[in-house]
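**Student:** turn this into a structure:
(chains A and B)
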Amino acid sequence: MTVSPNEIIKGALSLIKGMGVTIVAFFQPVVTCQYPRETITITPRFRGHTKLVVDDENPDRTKCIVCGMCVKNCPSQSIKRVEGEKKEGEKKKTATEYVLDFTTCSQCGICVETCPVDALAFSADYNRVGYKREDFHFDLIKEFEKRKART
Amino acid sequence: MDELITILGRETVRTILGLTGTFLIVVLNTLVLTWAERKVAGHMQRRIGPKEVGPYGLLQPIADTLKLLGKEILTPRAVERPLYYLAPTIVFIPVLVSFIVIPFDSYLQVKDINVGILVILAFSSLSVLSILFAGWGSNNKYSLIGSIRSVAQNIAYEIPLLLSILPVILIANSLSLKDIVEAQKGIWFVVYQPVAFLTFFIASVAETNRTPFDLPEAESELVAGFHTEYSGMRFAFFFLAEYTNIFIVSAIATTFFLGGYQGPILPGIVWFFVKSYLLVFIILWFRWTFPRVRFDQLLNFSWKILIPVSLLNLLITGGILKI
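**Tutor:** Predicted structure coming up:
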């Protein structure tokens, strides 16, 4: 190994340059999100599990008309059961049960696309946890009721 | 206090107080440094670092210590028992001895020995022995490779360390650390000896096995190097020794080149710690900036660059002083 003084000076300068990079980073604000203390804002196009959209005319019911298109089109058969009844004085059917198996759902969005009345949308719910698989078989009508109760 | 001195004698009281203070500094320094290292690492990578335990994560090292204390002390079956048990103890002794001669202030020094720096250097080479003990005694290939590397590295870098201290000793005309600090009343020796300061600092980073010279414990290739087989409190001793060594080399650099406890307005001890921890911060800064060097680069750098440069520096200094 023969080293010219020129090389040593060049090397030393590059070391100092590197130290400059880290000391600048040292005084710059942190970029990480301190998760349980703060959360990042969820972007509008985020795909969580699907949710049922409220009917504009009647805030007590969802837009769902129990046509069964989503059940038929789901590539993974994740939508297990959609039940509904026709209430008196109303033209449309009202959904009473909408069971989604979120463990097999891949958020492909085909149900959202095919819904003829735009009753389905992606939620921003990203931190759902559970201890067993059944925790992820949830009834979207119940979720809807919960959301309604909260507002 | 006066009664105590009359009963035990001045020197005994001095020794007891000195040892107590030394232990206090060793433990506090390690607690602060483990926290500081993680905090510096965090901020240099644009994140926060420890923050949950106590304000700004300040109690994190205490939580870590409790964890290490509470752990079961495991001894692998195939270890060479006497060496394996001895290593964590021996690694700790030179660290304690070094504190005896360091002058924290003009009046704050356990004992001013007229060969002070020799004591530190002689005892710090003992830590190589304990690393070899640990590596050999662990009966583990990673430990052995790590300790062999460490020995080769420490021998290579002890020479430039000594050679870069010698010019300062020539100028100050004394081996006592206190005299050396007193000799820097006007101008710090770093002004006279910038090259010696640089070589000393580089060599001391290598002596303490820190990045970019951390081959003995290169975690990406050797698990943890010589302390791979150690756990619990025995591991904590190696940890304690490592961080205390960082402080000691910074303290020696402060004493030899940065005027020790001398400084305006503030009391000497404050100046001493400010200067020392500034150097400690630079060592931490190195760790989070530089990649690890290759082994041949490491030895070539010492034998072919550092030693000739510091020898030349010594020669020139000697020549100028003679004239």
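
**Student:** next structured bit after the helix or strand hosting B:Tyr243?
**Tutor:** Secondary-structure element containing B:Tyr243, defined by DSSP states H and E: helix B:232-257. Scanning forward in sequence from helix B:232-257 by DSSP H and E, the next helix or strand is helix B:268-287.

**Student:** what's that next one packed up against?
**Tutor:** In terms of contacts (3 or more C-beta pairs under 8 Å, 6 or more residues apart in numbering or on different chains; DSSP states H and E), helix B:268-287 is packed against helix A:5-27, helix B:10-44, helix B:194-207, helix B:232-257. In short, each C-beta sits where N, CA and C put it, glycine included.

**Student:** please redo it, this time with the cut-off set to 6 Å
**Tutor:** Secondary structure elements in contact with helix B:268-287, counted by 3 or more C-beta pairs under 6 Å, 6 or more residues apart in numbering or on different chains; DSSP states H and E, are helix B:232-257.

**Student:** mind listing what's buried along the helix it packs on?
**Tutor:** B:234-257 (16 or more other C-beta atoms under 10 Å in any protein chain shown).

**Student:** pLDDT on that helix, on average?
**Tutor:** Throughout helix B:232-257, pLDDT has a mean value of 86.

**Student:** run the chain-centre distance for that helix.
**Tutor:** 4 Å (C-alpha atoms, centre = their mean, to the nearest Å).

**Student:** do stretch B:180-200 as well
**Tutor:** Taking C-alpha atoms, centre = their mean, the mean C-alpha location of stretch B:180-200 is offset from the chain mean by 19 Å.

**Student:** residues in contact with it: which ones?
**Tutor:** Residues outside stretch B:180-200 that contact it (C-beta atoms under 6 Å, 6 or more residues apart in numbering or on different chains): B:103, B:160, B:164, B:167-168, B:172, B:255, B:257-260, B:306, B:310, B:313.

**Student:** reformat those into CSV and put distance to B:Lys67 next to each item.
**Tutor:** CSV is the format used below for those (distance: C-beta to C-beta, whole Å):
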residue, distance to B:Lys67
B:Pro103, 36
B:Pro160, 38
B:Ser164, 39
B:Pro167, 45
B:Val168, 42
B:Ala172, 45
B:Thr255, 35
B:Phe257, 38
B:Leu258, 36
B:Gly259, 40
B:Gly260, 37
B:Leu306, 39
B:Ser310, 42
B:Asn313, 46
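
**Student:** residue 102 - nearest residue in space that isn't next to it in sequence?
**Tutor:** I'll assume chain A. Leaving out its chain neighbours, the residue that sits closest to A:Phe102 by C-beta to C-beta, 6 or more residues apart in numbering or on different chains is A:Phe136, at 4.1 Å.

**Student:** not what I meant, chain B
**Tutor:** Closest to B:Ile102 by C-beta to C-beta, 6+ apart is B:Ala251, at 5.2 Å.

**Student:** so how far is B:Ile171 from the one you found?
**Tutor:** Distance, B:Ala251 to B:Ile171, using C-beta to C-beta, to the nearest Å: 19 Å.

**Student:** gap between the residue nearest to the spatial centre of chain B and chain A?
**Tutor:** The centre of chain B sits closest to B:Asn245, judged by C-alpha atoms, centre = their mean, with a distance of 2.0 Å. For B:Asn245, the distance to chain A equals 22 Å [C-beta to the nearest C-beta, to the nearest Å].

**Student:** again, but for B:Pro76
**Tutor:** 38 Å.

**Student:** is it true that that residue touches B:Glu229?
**Tutor:** Yes - under the criterion of C-beta atoms under 6 Å, B:Pro76 makes contact with B:Glu229 at 5.4 Å.

**Student:** quick one, which of those two is more surrounded?
**Tutor:** Ranked by neighbour count (other C-beta atoms under 10 Å in any protein chain shown), B:Pro76 and B:Glu229 place B:Glu229 first, with 23 against 13.

**Student:** ok, now which ones touch the more buried one?
**Tutor:** Shown in contact with B:Glu229 (C-beta under 6 Å, 6+ apart): B:76, B:138, B:140, B:143.

**Student:** could you redo the last one with a cut-off of 7 Å?
**Tutor:** Contacts of B:Glu229 were listed using C-beta atoms under 7 Å, 6 or more residues apart in numbering or on different chains, and they are B:76, B:79, B:138, B:140, B:143.
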